[in-house]
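Q: turn this into a model:
(one chain, ligands or ions: 3)
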Amino acid sequence: MGHNAVQTSTLMSDFLRQCGGYAIIDGGLATELERHGADLNDPLWSAKCLISSPHLIRKVHLDYLEAGANIIISASYQATLQGFETKGLSMEEGEALLRRSVEIACEAREMYHNIGCKVSWDATGNGEILKQRPVLVAASVGSYGAYLADGSEYRCIHWLLLSIVAQIARTICWGFGIYGDAVTLEALKDFHRRRVQVLAESGADIIAFETIPNKLEAKAFAEILDEDDIKIPAWFSFNSKDGVNVVSGDSISECASIADSCKQVVAVGINCTPPRFIHGLIQAIGKVTTKPVLIYPNSGETYDAERKQWVQSAGVGDEDFVSYVGKWSEDGACLIGGCCRTTPNTIRAITKALSTRSSSATTIQF
Ligand SMILES: C[S+](C)CC[C@H](N)C(=O)O
Ligand SMILES: N[C@@H](CCS)C(=O)O
Ligand SMILES: [Zn+2]
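A: Numbers count the residues shown, from 1 in each chain. Ligands and ions are numbered 1, 2, ... in the order given. As a prediction, the model looks like this:
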């Protein structure tokens, strides 16, 4: 095993140990950008801010760090070279924006640590530098459905339209996913490959494959990590609308098993899924992997993909969200945060809830 391989395999366990056994992931990035006035009604969605308002992205990362996050996720969820090309940007300009998304998060981490780098003085006048809270920068990779910008990674419209055909096809063809059979495993690998390579070399600590809607795309990510000898670790995070399957209808167990088999994957879990489904999903994932389980649910509200707006429905408030956190932690999740429609207040409340539960945390927190 080479030096890089050793680092990859131990990054998450070392990090979790430094954090006291569990880590806090940030909350919704796009949500916060919108709350600060950004208009995300654009095919690039939150990645539009890489062009129009990078300072706002840095501010949101900083707000999440101040709320207690140990992991901040870059603004590259919907940043694709193909999406940038449609906007008239060259390949070089697109790649520079991908790198920039990670640089912005790294800048926020540095600013946060500089602000927090206080010296405490004891009674004898001896200064002691307080220990910095460990922070990882995760480079987000959204799905092909995110690039389609019609909410198909989330709303599963293709699944609704093709569900009958898909049920039949699924029994004879492993690879059939929500994108229709024209989108093959090779097509997905071609779509994602260069972006993953660029983000892997960008200075990020880990790649966050997020809101994965089907097992075909999970397999594509796993094969890219393996074939391209990607040097940083990754996590795989799926989304569900029923608490049993991922949004395509593929079983969560099969999806999590793909992540389990991939040596570069150091954590597996669920994001952008209503809180009420998380308990059962953690249990299902725990049956097929011993890798750390991560969860960062949304508020439970519904996304209107046409208007690119969240519909005020039966979402849970911060207090309710946090009332689930203890249970998720008991279920075995050790990386916990929030996704769409959660805010720094949610993360602050999660941080508080988990720190009062844990007597083993030894790191001094700023
Ligand atoms: C997880 S969804 C809320 C992300 C946004 C979607 N890809 C869109 O462009 O509408
Ligand atoms: N990291 C992304 C996930 C969207 S589902 C965000 O928070 O906007
Ligand atoms: Zn989300």
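Q: what residues does this structure have near ligand 2?
A: Residues of the chain found near ligand 2 (C-beta under 6 Å from any ligand atom) are 28, 29, 30, 46, 73, 77, 140, 210, 211, 272, 339, 340. (C-beta placed from N, C-alpha, C; glycine too.)
Q: CSV for those residues, including neighbour count?
A: Shown next, in CSV, are the residues of the chain next to ligand 2 (neighbours: other C-beta atoms under 10 Å):
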residue, neighbour count
28, 28
29, 24
30, 23
46, 27
73, 30
77, 25
140, 26
210, 25
211, 27
272, 24
339, 27
340, 22
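Q: low-confidence ranges, the stretch 151-300 of the chain, go.
A: Within the stretch 151-300 of the chain, the ranges that satisfy pLDDT under 70 run 155-177.
Q: where exactly do the helices run in it?
A: Listed in chain order, the helices found in the stretch 151-300 of the chain under DSSP state H, counting those that start in this stretch are 157-172, 185-200, 215-227, 252-261, 278-286.
Q: one step back: among the residues of the chain next to ligand 2, which ones are in strands?
A: 73, 140, 210, 211 (DSSP state E).
Q: tell me the one among those nearest to residue 84.
A: Set against residue 84, the nearest of those by C-beta to C-beta is residue 140 (15.1 Å).
Q: beta partners of that closest one?
A: residue 208 (DSSP bridges).
Q: which residues touch it?
A: Applying C-beta atoms under 8 Å, 6 or more residues apart in numbering to residue 140 gives the contacts 73, 74, 75, 76, 77, 101, 208, 210.
Q: among those residues, which two are most distant?
A: Pairwise over these, using C-beta to C-beta, the maximum falls at 101 and 210, 13.3 Å.
Q: what residues does the stretch 1-150 of the chain put near ligand 1?
A: By C-beta under 6 Å from any ligand atom, the part of the stretch 1-150 of the chain that sits against ligand 1 consists of 45, 78, 146, 149.
Q: burial of the second one, as a residue count?
A: In this case it means residue 78. Look at residue 78: counted by other C-beta atoms under 10 Å, it has 24 neighbours.
Q: torsion angles phi and psi at it?
A: phi -110, psi 20 (degrees, to the nearest 10).
Q: for this structure, what lies in contact range of ligand 3?
A: Within the chain, the positions lying close to ligand 3 (C-beta under 5 Å from the ion) are 272, 339, 340.
Q: hey, C-alpha coordinates of stretch 89-99 in CSV?
A: Extracted C-alpha coordinates of stretch 89-99, given in CSV (Å, rounded to 0.1, in the frame of the first residue of the first chain):
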residue,chain,number,x,y,z
LEU,A,89,-17.2,29.2,-20.7
SER,A,90,-14.2,27.3,-22.1
MET,A,91,-13.0,24.0,-20.6
GLU,A,92,-10.1,25.9,-18.8
GLU,A,93,-12.5,28.4,-17.4
GLY,A,94,-14.8,25.6,-16.2
GLU,A,95,-12.0,23.7,-14.6
ALA,A,96,-10.8,27.0,-12.9
LEU,A,97,-14.3,27.4,-11.4
LEU,A,98,-14.3,23.9,-10.0
ARG,A,99,-10.9,24.5,-8.3
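Q: buried stuff in that stretch?
A: Neighbour counts over stretch 89-99 (16 or more other C-beta atoms under 10 Å) mark 89, 94, 95, 97, 98, 99 as buried.
Q: tell me the one of those nearest ligand 3?
A: Checking those against ligand 3 by C-beta to the ion gives residue 98 as the nearest, at 19.5 Å.
Q: and that closest one, what does it touch?
A: Residues in contact with residue 98, defined by C-beta under 8 Å, 6+ apart, are 76, 79, 81, 195, 198, 199, 202.
Q: with adjacent residues omitted, what lies nearest to it?
A: Nearest residue to residue 98 in three dimensions, chain neighbours excluded: residue 198, at 4.7 Å (C-beta to C-beta, 6 or more residues apart in numbering).
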